[in-house]
Structures are given as C-alpha cells and as structure tokens.
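[1] Sequence and predicted structure below; questions after.
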Amino acid sequence: MMTARRWLLGLLLLPGVVCGADDVRLGFEGDWQAGPVRPLVAEGLTQSPGHSGDAVGLGPDSKLAIPAPAFLKDGFDIRLWVWHEKALTDYQYDELVYLYHETPNWRNRISLIKRAGTDYLLFSLSDDTGAAKGADFAGNWFAMKSPPLRWVAGTWHELRVTASRARGEAALYVDGRCVAAATGTQFPQVVADRLWLGSLQGRSQMRGVLDDVTIAPAAGGLSPSDRAAVAKGADPITPDRGQPPAPVAPGTDLSDGKEITLNLDFFDVSISTDTWDMADHRGEMDRIMRLAAHAGVDRILFRVSICGVVCYRSKVMYVADDKAFASYHRDLLDTPVANTPCYIPRMADLMKATDPLRDCVELGHKYGLKVWGWITVYDSLYYAPEGEFFHDHPEYTWVSRDGTKHIPGVPCYAYPEVRELRLKEIEEILGYGVDGIYLSMRSHSPWPKDGSGAREYGYNAPVIAEYQRRYGSDPRQAKPGSLEELRFVKLKGEFLKQFLTEAHKRCQARGKLLSMNASWDAVDPATAARMYVPADDLCRERIVDELCLLSGANADLTRWRVLGQNRVRLTTFTGMFSPQYEVGHAAWVQGLQQMLRNPTLDGTCFHEFGNVLYFHMWDDIRRVVAEWRAERGRAPQ
C-alpha cells in the first residue's frame, strides 16, 4: 500500500503541478482517507482506476466532503479530473455536481456543476448577501457557463476554476482551455467548514470517477491566450455526438390518469440571478420544459400575473417594465423558493427581449405538456405603477364598510368595467394557444389580519344597490355575525360567479377549459376571511371545468364530486415551499404519494416549479409512481 509520504511525493511530480505551503491535494491512492487530507464525510464511495493511480468512484448516493481551506475567501485555483462511463449527452437530464461550497445560511457559494437539461458547465460564486450573479446570466458578475461539452464515454477531462478577490476576476477552464471568464465584486466572505466533491451538500445525481483534486490559493491573472480563447466563442468542446435523447411521454400513462401539475411562477424563476440565462431566453424555457416532460409532468400553470403587472405582451394589462420595479433595485433572497438569490428588475429586462408566455406555450406543446394561463383575480398590488388600471382606479377595488378605506389591488367584480377588463385579458391569453385558464384567489394585498376582510370590505356601490334591491336594507348596518352580514358575503360571491360564467363561455367558444381555485374557508360564507368562492354552485352548475382546492393532496373532495356528478375535475394546489431541501423534498414526496392514493382527486398542482427545479427533485416522480403502482398491484382488486 502506498504511504501518505510516497503519495504526496507522487503528486509533486505530476506534470504542471507546483506545490505551495497552503495547497490541498487529494489523490485517492491506497488508504487515502487516513492521509494528509482526511474527509469529513465519506459515504458510498468506491476505489477505481484513476487518471494517475487510483481514483474515487461516485454514485447518486455518494457523499464526499473535505475541510474547506480558509484561503477560499481571498481566491483559489481548483483543479480536478473527472471520468464518466457514458457520454455526457447520456446524462442530459442529470445534474452533475463536481464542486460545491456554501455556508449554512445558503450564501458564500462556490459551485461547479453540469446543469440538468444541458450539456454545459456552470461556475458560480456568491458573497455573504447570497446574491450570486452571472456574467452570462445577468451582467458583469460572477457566473460563467462553458460551451456545450461533447465528452465521449470513458474519457478523462480536467476541470479548473480560478478566482481572485483582489483582481475581481474569475475563470473556468476545460481540458486546459479557458472557456469562460468574468469580472465582478461578488466573492465569498465567509468559509464554511467543508467543501463538497461530487455533490451539492450530499445531494447529487453524480455518476463518475474523480481524481487528482488540487486546491491552491489564487495564482496569476488571465493570460492573453486565455482571453483570446474566451473571445473566440462558444464552440463545442470535443466533436459533437448528436442530439441528446428526446424526453419520454408525459406522465399521464404513469399515473393512470392522475395529472401531475407544476405551477410556473415565471417571475420567481427568471429573476433568480444564477439560474436564468439572459442571453438565451428561449433556450432556458426549452430546458425547463424538457425537464418537466422528461420527469412525467402533465401540465404547467404559467402565472401571467405578477402583483399588478403581467409577464406577457399584453395590450390590455400593464406589462412588467422598469417603472413597475423602480422601488425594487436591490438583491434579495427568495426564501420560499429554495432561498434563491434574486434581482427583481431582471423581469423588466427580460420583457424587453422576449415573450415568456409565447415561449412556454410553444415549447411546452413541443414536449407534450399542457400549458394553462394562470391569472390571480384578487392580486393587483405592489408592482402596479401609475398607468395600471386598478392603481389609477381605486374606486373599483374593495371599499371598507365606512367608505374611508380600500384594499388596494383587490377588484370588485360587481362592476361591468372590471369584468370586461378581465375578460379581455382572458381573450388575450387564449389567443396564445393555451389549453386552459386557471383563475386563482390567492392574494398578496394587505387584508385585515383579524380575518374580517370578507365582512368589512367590498361595500362598493353596485353591491350595496343590489343588496338594497333584494333585501330592502343597507348591508353597512348589518350586525356582526348576523344573517344580513352572511347575505352580503354571498352576494359578492354571486358577482364573482357572474364573471366566471362569462369567462367560461369565452373559453368554451375556443374549445378551452376553465379552472377556479378556492381555500377551505372561502367555500363557506360563514368562514370566508377574504372572499367567498361559491364552489357548490360552480360544480353543480358546471360553471367551471375544474375546481382546485388550496389544500394538501389528501383532501377529501367527495362533496364536489357528487355535486358535479363527476363532470367537474377536482384537484388540489399543494405547497412544498421551503428554503431547506430536506423540508421541501419531504413535502414533495408526501404530496405525490397522497395524490396518487386519493380516490377523490383527478390530480394535484404542486406549488411550485421553482422548488422542484432548484432542489432537482425530478426523479422522485418516477420513483413514487412506480412504488404506488407496485403497491396497488399487491392490493386486493
């Protein structure tokens, strides 16, 4: 067995390796775990023939972490060799993590990965704000991608990443060639206790062999030849082996008719600063649609509404622009969506360059996905600037009982002008070729915290006039908890029902479907905290084609199945928000299992696409469905 001393001497003699006092070197020879660099985590590893001597084999369940050198915060020069049994294109839908560092607060990142749905590498950095940026993704910042990699099976490749805080410079090398470089100020300020090799903090789809890892302080800057190589352009690295395999058919056949839906809050995804490639919008949409189709997702709900503005080329609604985000020029972490670093004004920049709804519909259909337009009908605040309809006409929003206050951004559907505006919006979205319209009652507006919104607001003139015509009294004088107050809440629901009836006709005229969601409290006027959604009537009269409950996927929806006589689809909108992978992943898997086992459901929308994308939970769909089918096969028929 090779001793640690002999192993180190062997490394010193490797071509191109110059030792420094602070260097970390890992060669995986013999009993390497007892050597100078002892791993903090070493699970599921194998010993394999290496680029020089022995190497370590990594699989999807492998975990390898070593102590992170303190000098990482000032700069580094990291090299490693990697080998894959298959051609890289055969790992098209896998996310291969070669190197990952991040402090426990999800900041101070150093990451080198092969992105899922691509055949290129992404090298990204972030500072203690967590706001990672990208030269190829947003501007003059740190996040670089390689040209397409066309690695053939069973070949060794050297990967190298360098960065210097003092020079404000970083670069990515593949097989000795500088393929990407950037300048910027975002740089890790704190060093975590560990540096992961082959996984993202223990989570990976890695399938390969790793060898000759060298971690040294930052050396010299980019040479003229390096800069010339970057300027040369993004030609593929090694000969092209052809296109990657096409996605499998969507998951309806896998889940025996139960639809798996993901809502795509495109605003959240596109403003994530080391996720969306601003130079290749359509390519990014193609990537995430292919990932969804390959995993077995059936339907995408594309959210066109962004709290008062829209992300499609509308002539009716206010399109997201610089004015809408004038007060939001700051970096932030989107905690609900996997704690991703975000920069809100990117949405305005994106809207100048493309139409994301068009791209989603066209590319979703290309891969067999159904794409619905998702409109929030009580959520027109925050980003709505001067010129947006409800900003300029607060009289059309819910007014308080005493007439002195409004809930901004919450439309009153008793006004013909409001209904007509929304119907024009629906017509526009139907014109994109969507498969249906999904209307949502979710709202970010400032509702009363005591849950009195449905009873203390909505006293608009048309509602008062109709109430007085029907009941001969003024609803503003109704006593709390009285029958008169409940009548007032139900009346507002009738105006919503009138709008939905008109919307359904517009959808039917184009052969499209309509869905409305509701929370458990909203389906009962006595418990409605915000608005009342007359779910019983919607199913009984088949005013909608689908009723979606904001609920866990184990919800019993028998009531509406009976009322709709099995002619209205019943689904849930089930959350899995969390900045932590373990929490989000557990909620995702549990939701899938509950949906499949729930006889009252036709499917579930999992909230949201961003969580699945960032945590890379695609393979869970196939696994959970396979387990369910096996379980059902063993059960008595």
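    All right, it came through fine.
[2] And the nearest residue to residue 463 once chain neighbours are set aside, its phi and psi?
    Spatial nearest neighbour of residue 463, excluding adjacent residues (CB to CB, 6 or more residues apart in numbering): residue 414 at 4.9 Å. For every residue, glycine as well, the C-beta is placed using N, CA and C. Its backbone dihedrals place residue 414 at phi -80, psi -20, with angles given as degrees, to the nearest 10.
[3] what's near enough to touch residue 414?
    Residue 414 is in contact with 460, 462, 463, 466, 492, 495, counting by CB atoms under 8 Å, 6 or more residues apart in numbering.
[4] Could you measure from it over to residue 23?
    73 Å (CB to CB, to the nearest Å).
[5] pLDDT wise, what is residue 623 at?
    Taken from the predicted model, the pLDDT recorded for residue 623 is 88.
[6] Assumed it was part of a helix.
    Yes. Counting by DSSP: H, G, I helix; E, B strand; the rest coil, residue 623 is found in a helix.
[7] Can you report how many residues neighbour it?
    Other residues near residue 623 number 11, with proximity taken as other CB atoms under 10 Å.
[8] Low-confidence ranges, this protein, go.
    Low-confidence segments of the chain, defined by pLDDT under 70, span residues 1-21, 130-142, 232-235, 238-256, 634-637.
[9] for the residue nearest to residue 617 when sequence neighbours are not counted, what are its contacts?
    Nearest non-adjacent residue to residue 617, counting by CB to CB, 6+ apart: residue 588, 5.4 Å away. Contacts for residue 588 (CB under 8 Å, 6+ apart) come out as 576, 606, 611, 612, 615, 617, 620.
[10] Next: residue 326.
    Residues touching residue 326, when contacts are defined by CB under 8 Å, 6+ apart, comprise residue 385.
[11] Over to residue 563?
    So, once contact is read as CB under 8 Å, 6+ apart, residue 563 ends up touching 536, 539, 540.
[12] any idea whether the closest residue to it other than its chain neighbours is helix, strand or coil?
    Computed as CB to CB, 6+ apart, the closest residue to residue 563 that is not its neighbour in sequence is residue 539, at 4.3 Å. Classification of residue 539 by three-state DSSP places it in helix.
[13] Count residues in the vicinity of residue 539, would you?
    Around residue 539 sit 23 other residues, with neighbours defined as other CB under 10 Å.
[14] can you check the one 10 residues further on too?
    As a burial measure, the neighbour count of residue 549 was computed by other CB under 10 Å and equals 25.
[15] what's the host helix or strand of it packed up against?
    Residue 549 belongs to strand 546-550 when elements are defined using DSSP states H and E. The criterion is 3 or more CB pairs under 8 Å, 6 or more residues apart in numbering; DSSP states H and E, and the helices and strands that strand 546-550 contacts are strand 436-440, strand 513-519, helix 535-540, strand 569-575.
[16] ok so, going back, ok, and the most crowded of the contacts of residue 414?
    Looking at the contacts of residue 414 with neighbours defined as other CB under 10 Å, the largest count falls to residue 492 at 27 neighbours.
[17] Hmm, residue 532 and that residue touching each other?
    Yes. With contact defined as CB atoms under 8 Å, residue 492 counts as touching residue 532 (6.2 Å).
[18] what's the overlap in contacts for these two?
    Among the neighbours of residue 492, those also in contact with residue 532 (CB under 8 Å, 6+ apart) are residue 454.
[19] Show me what the helix ranked longest in the chain is packed against.
    Once the chain is assigned using DSSP state H, the helix that runs over the most residues is helix 483-509. Helices and strands touching helix 483-509, by 3+ CB pairs under 8 Å, 6+ apart, are helix 416-430, strand 436-440, helix 453-456, helix 461-471, strand 513-519, helix 535-540.
[20] The fifth one pairs with which strands, parallel or anti?
    On the basis of DSSP bridges, the sheet neighbours of strand 513-519 come out as strand 436-440 (parallel), strand 546-550 (parallel).
[21] Give me the buried positions along the first one.
    When burial is assessed from 16 or more other CB atoms under 10 Å, strand 436-440 yields the following buried residues: 436, 437, 438, 439, 440.
[22] and of these, the nearest to residue 377?
    The shortest approach to residue 377 among the buried residues of strand 436-440 belongs to residue 439, at 5.3 Å (CB to CB).
[23] Against residue 522, how distant is that closest one?
    Residue 439 sits at a distance of 13 Å from residue 522 (criterion: CB to CB).
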